[in-house]
Every structure is written in C-alpha cells, then in structure tokens.
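Engineer: 3D, please:
(2 chains)
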Amino acid sequence: MEKTGKENNDHESFIHKKISRRLLLGGAATTAIVAMQSSLGKWIQVAAQQPVIKLDDPTKKIGPGPSGVGKRSPFEQPLRIKSDTSSRTPLQDLYSSLTPSDLHYERHHAGVPLISPDKYELLIHGMVDKPMVFTLADLKRFPSVTRTCFLECSGNFRSGKENMTPQEICGLTSQSEWTGVMLSTLFREIGVQPKATWFLAEGSDAAVMTRSIPVKKGFDDAMIVYAQNGEAIRPEQGYPARLLLPGWEGNTCVKWIRRIELADEPFMTREETSKYTYPVKDRIRQFSFEMDARSIITYPAYPGHLERGWVEIRGIAWTGRGKIVRVEVSTDAGETWNVARLQEPVLDKAHTYFRYLWQWTGGETEIMSRAIDETNYIQPTLRQLVDARGADIGGYHMNPITAWQIKQDGRVLFKPESWK
Amino acid sequence: MLKSFNIDNKYLAIVLGVLIIMVLGAYSYNGEAGKPASFINADTTAWPASFGFGKPASPQQIAAQDIDVRPDGLGLPLGSGTVAQGKAIYAMKCVACHGSAEKVVAGAKLPAPVLVSDSTSKVKAIGNYWPYASTVFDYIRRSMPYNLPGSLTDNEVYSLTAYLLNSNKIIKPDAVLNAQTLPQVIMPAQKLFITDDRRGGPEVR
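Structural biologist: Model prediction:
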C-alpha cells in the first residue's frame, strides 16, 4: 500500500516537473502562450504548440487503489439540514426513490443513544401467554423479511418564503429497504391473548419514548427491523432495532425499541396526546396514523435555474394507504393536468419516482404535482385542507400540493400560500 | 343426479369464488388502508408452534422496565405529593427550561414548552390541551428533567404533577396526589379529543 502511495507521489511530482520546466518556466522562450483553466479553478499558462499535459487529466495519473469503506465523490456533497431535534433529507439531490442511509431524515426526542448489540434486549409482555425477552441474536434467528417503504414524520410541512428547497419544505421523508422480523412472527411466538387490542412500544433513548399501537397493525405488516439498505441499521434510525409500521407516521415507528406491552386500551402517552394530535374545527384529532398521499416536484425546484427548451420534471409521490396509482403534473398553475410516468416497480407504501417531459418556452408559470392513491384519494390543495380542518391546522399531517413558480429569467421559486 | 349436482356445485363454487374475489377486490380498492403486501404473508403452515428463540421474561425483569401509567391509574406507584412540595422542586429542577409556572410571559422564547395554559394566549399547554392527568405523571417520570432523565423519585413526580395541575387550575392548592386520587382528576380537554376519521378515498378530511 505504502509503495503504491509513494509511486503515485513520484508520478505526480514527475508531471509537475515536466509542466514546470517545459511549460511554465519555458514560457518566456515560447511565442504562443495561452491561459487554460483547470477544473480546480487554477489558471495555468501553457504553450499552445506543445503537447499539453493537464493536471486534471484522469488518464494521465494513477488513481488511489481500493479502500475499506467507500465515500462520495468530493464533487458531491449532499447534506442534511439539521436543527436541535431533527435533520432533513436533501430531496433535490436525489435521483430516485431510495434515500442513502446517511441522508435519511432524523427526528429524535432526547438524542441518539449508544446501544451495544450484545446488551440489547426486547421485552414483550402484558396480555400474552408467554412473556419473553429476545436478544438481537434471537431476533435475527427468526424468519426474516425485507421490504422497501417510506418513513415520514407527520410534522413534515414548512412554508412561508419563496427561497425554500424541497428539503426545507418536506425533507422529513426518506425511503429505505428494511430487513427484520415480522412482529406477527413474534406475536405468534409469545401468544398474544385475544383480548389485547393495543400495544405499547417503548424506546431505550433518554426520552424512553412511547406510543400506543393497535394490535391489528402489529399483525398486518409491522416489523422489528435491524437492517437498513442491506447493512445494520444506523444509530440515528434506531440501532440496533426499531419498530417499523409501513405507511404510518414516523413517530409511531419507535426507534431503539426495548419493550412491547400488550393491553386492552391505549396508554395515552405524551406523544399521542399533547403531541402528534391536531385541531380539526373545534375538536382535536388523535391516533391519526396513516400518512395520506403526497408528492413534490424535486426538479426543477429552488434553488435551481431553468433553461428554455425541454425539461424532464421529476419528483416523488407516496402514500401510507397502499400504492400510488397516478401522479398528475400541471405546468399551467393547475389549469390542466397531465399524467406523469411512474418508475416501476411501484411499491406498496413507498416513494414512487415520477417523470413528465415538458417544453418550457420562457413564459412565467407555475408547475405542480398531485398524487392519487389506490383508495382514490387525490392529494389536496392547502385550501382544501384548511376548509376541511379549519384555519388552526397545526403542523401535523399536512400534505398539500406544492407549487413552484417559474420566472421569465428561469428562476424557480417556491410558492408559499397563506391560510389564515 | 348426485354426480351431476356435484359437478354443477363445483362450477358454482368457482363462479361464486370468482365473484367473491371480485367483490372483495372492489371493496378493498376503496377500503381503508392498503392491504398488506403479499410478500410479507409468509406461509406459516410448515412453521413449528414455537421456534424456541429467546428466554421467558422473569417478573423482576418486567417490573424493572414496566414504568408506564395508564389513565385508569394502572401502573401508578406507591407514594404521594403535594402542590407546595411540587412548587419547590419545580423552582429547583424545571424552571431553567420551562420558565415560571405562575405566569406565562408573552413572547418569551423558552428552551422547552410552556406548561401552563394562559387564557389570553392560545398556547397549547397542560390545562387546555392535555386530555389525561396520568400522562403528566408518566412523562415526567420517564423523561424529565431533560438533563437528568429518570432521576426523580416517585414522590417528586407526584408533587410536580400536583403543582402543574394546580398551576393550570385543575386541582386545588391543598390537593394531595397519589395512586388513588390522580386517576380521578378530569382534564378539561379530554372531551375535545376524537379518534382519527380519515379513511382514504376521495373526501379530504
């Protein structure tokens, strides 16, 4: 290894010498000197009639050898935007429906705990025939399942100014391929009693965060997952194991899960009473689990700049109620709608990539998308949501159509709408 | 006759089966949540009754973690607390993040949520938004104070719960909270809560 590194260095200094001697220092003796810009932004003088050896020509330099862990190209630096309690996925930097694990959004209530896989245990008790404790190794021995689905925080709506990216508007949604054991498999093992209708899921973070979940969801498609995108789940996503409830608000998918208690009523924890509830007219809506259909155009979007001519409008659509069946795109501020192409395979409760080819001739307009799911739900406008729920909408379960303004000079700006 | 009836019956069964699938299919198409994806419905007929993985949980193991408290009082520990005791503990351990529980200062940006409802502002707090008193106890005990979660004694948690409920004008200043009295506290906001009525389909709710 060291030898290779030395060889590379030698090679580099050789090229440097060559350039210095023949091209740079020899400049005074040469008649035709031109300035060239390298991709690194350095201006170098080279003689036009000499064979040019460019510093950045990858065919003239041996690159680094294999490495233990790969990393991104230095030219690509997608970043989550973080606050004290969450970080948001850079949706505008992604090219398909899958989120790289290190860009998956985060939301935690008392930081990310450090949990040793050797000490991890999941306790299942309450209204069961056999209260049991499972180690991580135990969980991995059970028949396993892999599925791809989105995970979205139910407080995933920001608005208010034109200079907002998809990441800032709704970056609290991400998609991974998850692997783990079906909760129904564990329920079968411990013998859930017929009277049990709810279960408490409890995390082992410093918030010891808890949510009550209907047992039916536990039998339908809930999982205890220990892997994300083919490797062990990331600490921010719940290492070593978390609850995954496909299609349901992210908060219910309790991370770092340590305990499940079966019961015959909900526990009314803080996160399902004072949080994750919202005013609907003169009432407060509780236990609103499913994420309704939503979509957003991620290209073109702020801060991008549009060139006249053909543009492939791209984005993601998703629903917690099954599959996306159609995405419609409007390029005339919602006057008319066109059917977008969906990237196959369209998965259940998953981000679905959509594309629509459009020719922009330079006029000012607005572009937007709306998702339709298999229940025939059509992604609503903000006005429709406010009409249904009242002006005091709060921030949960807001999935309005997102419009982008296209300016004549090609600027793409978010269209914030007020509702008060 | 019997034989031909059997054949008819077979066809009838097939036709009926197809009809049922069609009807159920149409129903689920507009039904509530999407049906679970087919790949996760493992064929468990060949599975053993138990895989035998994991260990039985001992009563001690369960007791060490079973800290939840329900609205009906199930899970409340022994002990008790008063409003006055809670006030002293609050001043020591809570005020730095949550601010004064005596009076909400308008516009004050605190590092943690305001805990007392103020009739002049719409801020959602314990008095005007929390539906159950048990949640106050449960949440304080499991995760507060933020810098030392789980460090309070049960008596301290009872006291803080009493103080906060009194500050929100829900219980009297001389109230004593314990496993018997706490579940009897009725929160004003409880009547406002409704279970989610969104069902998918064309209607926006």
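Engineer: for chain B, what's the nearest residue on chain A?
Structural biologist: Distances between chain A and chain B by CB to the nearest CB are smallest at residue A:322, namely 2.2 Å. C-beta: built from backbone N, CA, C; applies to glycine.
Engineer: for that residue, helix, strand, or coil?
Structural biologist: coil (DSSP: H, G, I helix; E, B strand; the rest coil).
Engineer: cool, the one 5 residues further on as well?
Structural biologist: Under the three-state scheme (three-state DSSP), residue A:327 adopts strand.
Engineer: any idea what it is bridged to?
Structural biologist: residue A:371 (DSSP bridges).
Engineer: does it touch residue A:351 like I think?
Structural biologist: No. In this structure residue A:327 lies outside contact range of residue A:351 using CB atoms under 8 Å: 11.5 Å.
Engineer: joint contacts of these two?
Structural biologist: Contact criterion CB atoms under 8 Å, 6 or more residues apart in numbering or on different chains; residues shared by residue A:327 and residue A:351: residue A:317.
Engineer: coming back round to it: quick check: the residue of chain A closest to chain B vs residue A:149, distance?
Structural biologist: Distance, residue A:322 to residue A:149, by CB to CB, to the nearest Å: 11 Å.
Engineer: give me the common contacts of the two.
Structural biologist: Looking at what touches both residue A:322 and residue A:149 (by CB under 8 Å, 6+ apart), the common residues are A:247, A:348, A:349.
Engineer: may I ask which of the residues you listed has the most neighbours?
Structural biologist: Of all the shared contacts of residue A:322 and residue A:149, the most densely surrounded is residue A:349 (29 neighbours; neighbours counted as other CB atoms under 10 Å in any protein chain shown).
Engineer: can you tell me which residues contact the nearest residue to it once chain neighbours are set aside?
Structural biologist: Leaving aside its chain neighbours, residue A:349 sits nearest to residue A:247 (3.9 Å; criterion: CB to CB, 6 or more residues apart in numbering or on different chains). Going by CB under 8 Å, 6+ apart, residue A:247 touches A:149, A:150, A:290, A:291, A:319, A:320, A:321, A:322, A:349, B:33, B:34.
Engineer: beta partners of the nearest residue to residue A:190 once chain neighbours are set aside?
Structural biologist: Nearest non-adjacent residue to residue A:190, counting by CB to CB, 6+ apart: residue A:128, 4.5 Å away. Beta bridges link residue A:128 to residue A:192, judged by DSSP bridges.
Engineer: helix or strand next in line after the lowest-mean-pLDDT helix or strand in chain B, which one?
Structural biologist: Among the helices and strands of chain B, helix B:2-29 carries the lowest confidence by mean pLDDT, DSSP states H and E, at a mean of 46. Once the chain leaves helix B:2-29, the next helix or strand it forms, by DSSP states H and E, is strand B:55-56.
Engineer: now the strands for the stretch 101-250 of chain A?
Structural biologist: With DSSP state E, counting those that start in this stretch as the criterion, the stretch 101-250 of chain A has strands at A:106-107, A:121-126, A:132-135, A:145-152, A:173-182, A:198-203, A:210-214, A:223-228, A:231-232, A:242-244.
Engineer: quick one, which of these gets closest to residue B:148.
Structural biologist: Closest to residue B:148 of the strands of the stretch 101-250 of chain A, according to CB to CB: strand A:198-203, at 18.2 Å.
Engineer: what does the stretch 151-300 of chain A have sitting close to chain B?
Structural biologist: Within the stretch 151-300 of chain A, the positions near chain B by CB under 8 Å from any CB of the partner chain are A:182, A:185, A:188-189, A:200, A:202, A:206-210, A:220-221, A:247, A:258-259, A:261, A:263, A:265, A:267-270, A:273-274, A:277, A:280, A:282-290, A:292.
Engineer: buried only: go through those residues for me.
Structural biologist: A:182, A:185, A:188-189, A:200, A:202, A:206-210, A:220-221, A:247, A:258-259, A:261, A:263, A:267-270, A:273-274, A:277, A:280, A:284-290, A:292 (16 or more other CB atoms under 10 Å in any protein chain shown).
Engineer: can you list phi and psi of residue B:203 for me?
Structural biologist: Main-chain torsions, residue B:203, degrees, to the nearest 10: phi -80, psi 130.
Engineer: go on, residue B:168?
Structural biologist: phi -90, psi 10.
Engineer: ok, the residue nearest to residue A:133 when sequence neighbours are not counted - how many residues close by?
Structural biologist: Of all residues not flanking residue A:133 in the chain, residue B:57 sits nearest, at 4.8 Å (CB to CB, 6+ apart). Neighbourhood size, residue B:57 [other CB under 10 Å]: 21.
Engineer: surely residue B:57 meets residue A:134?
Structural biologist: No. Counting by CB under 8 Å, residue B:57 does not reach residue A:134; the two are 9.6 Å apart.
Engineer: mind listing what residue B:182 touches?
Structural biologist: With CB under 8 Å, 6+ apart, residue B:182 has these contacts: B:73, B:76, B:133, B:134, B:137, B:158, B:161.
Engineer: among those, which are in reach of chain A?
Structural biologist: Intersecting these with the contacts of chain A gives residue B:134 (criterion: CB under 8 Å from any CB).
Engineer: from the contacts of residue B:182, which land in helices?
Structural biologist: Of the positions in these, B:133, B:134, B:137, B:158, B:161 sit in helices, assigned by DSSP state H.
Engineer: where does the closest residue to the first one other than its chain neighbours land on pLDDT?
Structural biologist: Distances taken as CB to CB, 6+ apart put residue B:185 closest to residue B:133, at 3.9 Å, once the chain neighbours are dropped. The predicted structure scores residue B:185 at 98 on the pLDDT scale.
Engineer: again, but for residue A:332
Structural biologist: At residue A:332, pLDDT is 98.
Engineer: thought it was touching residue A:365?
Structural biologist: Yes. Between residue A:332 and residue A:365 there is a contact at 6.0 Å, judged by CB under 8 Å.
Engineer: okay, the two: which has more neighbours?
Structural biologist: Taking other CB under 10 Å, residue A:332 and residue A:365 do not tie; residue A:365 has more neighbours (19 against 13).
Engineer: residues in a beta bridge with that one, which ones?
Structural biologist: Under the criterion used (DSSP bridges), residue A:365 bridges to residue A:406.
Engineer: could you measure from residue A:244 over to residue B:126?
Structural biologist: In terms of CB to CB, residue A:244 sits 32 Å off from residue B:126.
Engineer: of the two, which one has the most company?
Structural biologist: Neighbours of residue A:244 and residue B:126, each counted by other CB under 10 Å, are more numerous for residue A:244; the result is 28 against 24.
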